[in-house]
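Colleague: model this:
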Amino acid sequence: MGKMVIVFSIMMLSTVFAEDISMPPEAVYTAEDRQIFDRYIAYIDPWRSAPTDSLLEKTALFFLNFPYVSHTLEMPGEENLVVNLREFDCTTFVESVIALVRTTRSESPGFNTFLNELQRIRYRDGNLQGYASRLHYTSDWLYDNEKKGFLKNSSAVLGGIREEKTIDFMTTHRNAYRQLKNDEVLLQEMQVIENGINERNGFYYLPKESIAGRASKIPHMSMVAFTTSIKGLDVTHMGFAFQEEDRLTFIHASSTREKVVIDQKTLSDYCAGQSSCTGIIIAEVL
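Modeller: Numbers count the residues shown, from 1 in each chain. Below you'll find the model as predicted:
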């Protein structure tokens, strides 16, 4: 048994130095997550120099039919970088696809690079400093990742209008969040975050009645987020726009279908069928 541990340790050390030498953030993941990552890297290698939209498409399709599971980031204990390539909610699907594409484009496309890219996308300014540092609100997630140069919000130029509603759903529904339920300090931290979001005077979105008319202009594999009429909340769902022949649909981790799918409905019809959906935010991945 001792000999096996020593051999395993040497193998692990050599693997880390072979793939990249950057120090990865502390992360929670399984051996299966690492295996899926390795399969993905082998799969995507022929397309490493392809245009970004092609890389995004190939990456998203790699996870087609992977299961949907809600609240995949809500682990007990302190906030950690959670890696789950086995199953997704809508947000972790989008984050993982973008992080994998950024990893593929890097000079050292190893697992450590992926961890760093995922943390940079998921947390404010790329710094993991507790629960409040996670970009919980999608409009805040977009703002921060556009500031980093990862995304370009195209909603205004596509004919979008400004939504100026107050964002405070998390703190006004604290009992729905395990971390906020009994933690007054953390609640105050989240209130500061929400105040900062609200000081930006809203965000642009394309109203749902305008989606069909703009469908041909929405870039393939741009990130789309569904805005909502729910008080205090900005977005309820997200995925990637998918131009399929002469129709615009989207690929997403679907709670209804319980897996990653290319939706059967057009983007316009999907939004029209959701009573609380007011429209979509569109952001190109750079």
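
Colleague: a strand runs through Ala253, doesn't it?
Modeller: Yes - inclusion of Ala253 in a strand is indicated when DSSP: H, G, I helix; E, B strand; the rest coil is applied.

Colleague: confidence score at it?
Modeller: On pLDDT, Ala253 comes in at 98.

Colleague: ok, now which ones touch it?
Modeller: Contact analysis of Ala253 by C-beta atoms under 8 Å, 6 or more residues apart in numbering lists Phe66, Tyr68, Phe88, Asp89, Cys90, Thr92, Phe93, Gly239, Lys259, Val260. The C-beta positions use only the backbone N, C-alpha and C, and glycine is treated the same way.

Colleague: next step: those residues restricted to helices.
Modeller: Counted as lying in helices by DSSP state H, out of these, are Cys90, Thr92, Phe93.

Colleague: between those, which has the most around it?
Modeller: Of all the ones in helices among the contacts of Ala253, the most densely surrounded is Phe93 (24 neighbours; neighbours counted as other C-beta atoms under 10 Å).

Colleague: ok, now which ones touch that residue?
Modeller: Phe93 touches Ala60, Phe63, Gly239, His252, Ala253, Val260, counting by C-beta under 8 Å, 6+ apart.

Colleague: same list (these) but as CSV, adding distance to Thr72.
Modeller: Shown next, in CSV, are the contacts of Phe93 (distance: C-beta to C-beta, whole Å):
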residue, distance to Thr72
Ala60, 17
Phe63, 13
Gly239, 16
His252, 15
Ala253, 10
Val260, 13
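
Colleague: looking at these, which one is closest to His220?
Modeller: Ala60 (10.9 Å; C-beta to C-beta).

Colleague: what's the distance between the closest one and Tyr143?
Modeller: To Tyr143, Ala60 is 23 Å away according to C-beta to C-beta, to the nearest Å.

Colleague: of the contacts of Ala253 - the most surrounded one?
Modeller: These, ranked by neighbours (other C-beta under 10 Å): first place Gly239, 28 neighbours.

Colleague: once you drop chain neighbours, what's closest to that residue?
Modeller: His252 (2.8 Å; C-beta to C-beta, 6 or more residues apart in numbering).

Colleague: swap in Leu233?
Modeller: Nearest to Leu233 is Phe169, by C-beta to C-beta, 6+ apart, at 4.2 Å.

Colleague: what about that neighbour, neighbour count?
Modeller: Phe169, neighbours per other C-beta under 10 Å, totals 18.

Colleague: for the residue nearest to Tyr43 when sequence neighbours are not counted, which residues are in contact?
Modeller: Residue nearest to Tyr43 in three dimensions, not counting chain neighbours: Phe62, with 5.9 Å by C-beta to C-beta, 6+ apart. If you count contacts by C-beta under 8 Å, 6+ apart, Phe62 has them with Tyr40, Tyr43, Ile44.

Colleague: buried subset of those residues as a ChimeraX selection?
Modeller: Buried residues among the contacts of Phe62 (16 or more other C-beta atoms under 10 Å), as a ChimeraX selection:
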select :40,44
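
Colleague: ok, the contacts of Ala253 vs Asn127, which is closest?
Modeller: Thr92 (19.1 Å).

Colleague: show me the contacts for that closest one.
Modeller: Thr72, Leu73, Asn84, Ala253.

Colleague: going by distance to Glu164, which of the residues you listed wins?
Modeller: Using C-beta to C-beta, the contacts of Thr92 come closest to Glu164 at Leu73, 28.7 Å.

Colleague: quick revisit: the more surrounded of Ala60 and Tyr143?
Modeller: For Ala60 versus Tyr143, the count of surrounding residues by other C-beta under 10 Å is larger for Ala60: 25 against 19.

Colleague: the more buried one: what secondary structure?
Modeller: Going by three-state DSSP: Ala60 is helix.
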